[in-house]
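Enquirer: Sequence plus the predicted model coming up.
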Amino acid sequence: MSTLALIFIIGTVMGSFLNVCIYRLPLDKSVVFPASHCPNCDNKLGFFDLIPVLSYLSLRGKCRYCQAVISWRYPLVELVTGLLFVAVAVKFPPFLFWPEFVAYAVFLGLTMVVLFIDLEHQLIPDVISFSGIILGLFFNLFRGNVLSSFLGALLGFGLFFLIAKLGKFCFKKDAVGEGDLYLAAFLGAWFGWQGVLLVIFVAYLFAALVILPLLIFRKVNMADAVPFGPALVVGGLVTLFFGQAILGWYLGLLGF
């Protein structure tokens, strides 16, 4: 079995655990106990019910015991996490850059939990954001970039704090959720002060590309609350995989 195939399998297994986190954290339940079970009939799931992606396909998207429909989110999270693990392994080969590979695998896990919880519940768990901030600072301490990491966390939080205050003043309602402030700090801790600026730019660009068509076709209106966490996650992923190239290109345009 090739290294990338093995890493993909490990990623899907991680995705299976992330699904547990995505389901249980908004309910304030333990992600460890009890063992995985069907939320509809409460039957404990066996080994063949928990094989990432393949179990969903073999069961045709239904519980083996009660035939309740299983959300498409489960195989999607497993598949996406597996593919992202492979992408990180290509960028940071684990036998050459193992600290970066391991760190960014953890980063991917945290951001996948944020993305899907915010999409479903419009909520970003503080435990994920604060864990991300601490791990980002520690990782950059190991790399010798702790000052940039600390400034990035402050800048990410500070910019969104200002946006929140300005939005409240101009529109008389919350323009940014509190969870977005801590998520921006989390991403700033990982990517530093320059990286977090790129994260935020990409996030607003991505959000505009998604929301404008929805507004045009009246799927949402200006009064609707739209989760911004997924856009920040996209900004973080773009920065992780392409940030150095984008910043180098931009600085080149400026003549630096």
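Expert: Happy to help now that I have it.
Enquirer: in the stretch 151-256 of the chain, which spans are helices?
Expert: Using DSSP state H, counting those that start in this stretch, the helices assigned to the stretch 151-256 of the chain run over residues 178-216, 229-253.
Enquirer: Now render the ones you listed as JSON lines, adding distance to P75.
Expert: C-beta here means a position set from N, CA and C on the backbone, and glycine is covered the same way. Output for the helices of the stretch 151-256 of the chain, formatted as JSON lines (distance: least, C-beta to C-beta, whole Å):
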{"stretch": "helix 178-216", "distance to P75": "23"}
{"stretch": "helix 229-253", "distance to P75": "19"}
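Enquirer: mind giving me the domain split of this structure?
Expert: As recorded under automatic domain parsing, the domains making up the chain are 1-92, 122-256.
Enquirer: quick one: contacts for the residue positioned nearest the centre of the chain?
Expert: Centroid-nearest residue in the chain, with C-alpha atoms, centre = their mean: T111, separated by 2.0 Å. T111 makes contact with 132, 233, 236-237, according to C-beta atoms under 8 Å, 6 or more residues apart in numbering.
Enquirer: cutoff 6 Å now
Expert: Residues near T111 by C-beta atoms under 6 Å, 6 or more residues apart in numbering: 233, 236.
Enquirer: In what element of secondary structure is it found?
Expert: Per DSSP states H and E, T111 falls inside helix 98-121.
Enquirer: Give me the buried positions along stretch 85-96.
Expert: 85-89, 92, 94 (16 or more other C-beta atoms under 10 Å).
Enquirer: For that stretch, give the mean pLDDT please.
Expert: What stretch 85-96 shows for mean pLDDT is 92.
Enquirer: tell me the pLDDT at G252?
Expert: Value for G252, per-residue pLDDT: 74.
Enquirer: swap in G248?
Expert: Here, the pLDDT recorded for G248 equals 82.
Enquirer: Torsion angles phi and psi at H37?
Expert: Main-chain torsions, H37, degrees, to the nearest 10: phi -150, psi 160.
Enquirer: So it sits against L50, correct?
Expert: No - with contact defined as C-beta atoms under 6 Å, H37 does not count as touching L50 (10.7 Å).
Enquirer: what bits of this structure have low per-residue confidence?
Expert: 1, 171, 222-223, 255-256 (pLDDT under 70).
Enquirer: For burial, what's the neighbour tally of the closest residue to Q194 other than its chain neighbours?
Expert: Among residues not flanking Q194 along the chain, L247 sits closest, at 6.3 Å (C-beta to C-beta, 6 or more residues apart in numbering). Using other C-beta atoms under 10 Å, L247 has 15 neighbouring residues.
Enquirer: Please apply the same query to L253.
Expert: Quick note: L253 (other C-beta under 10 Å) scores 8 neighbours.
Enquirer: Kindly report the same for L110.
Expert: L110 has 24 neighbours, counted by other C-beta under 10 Å.
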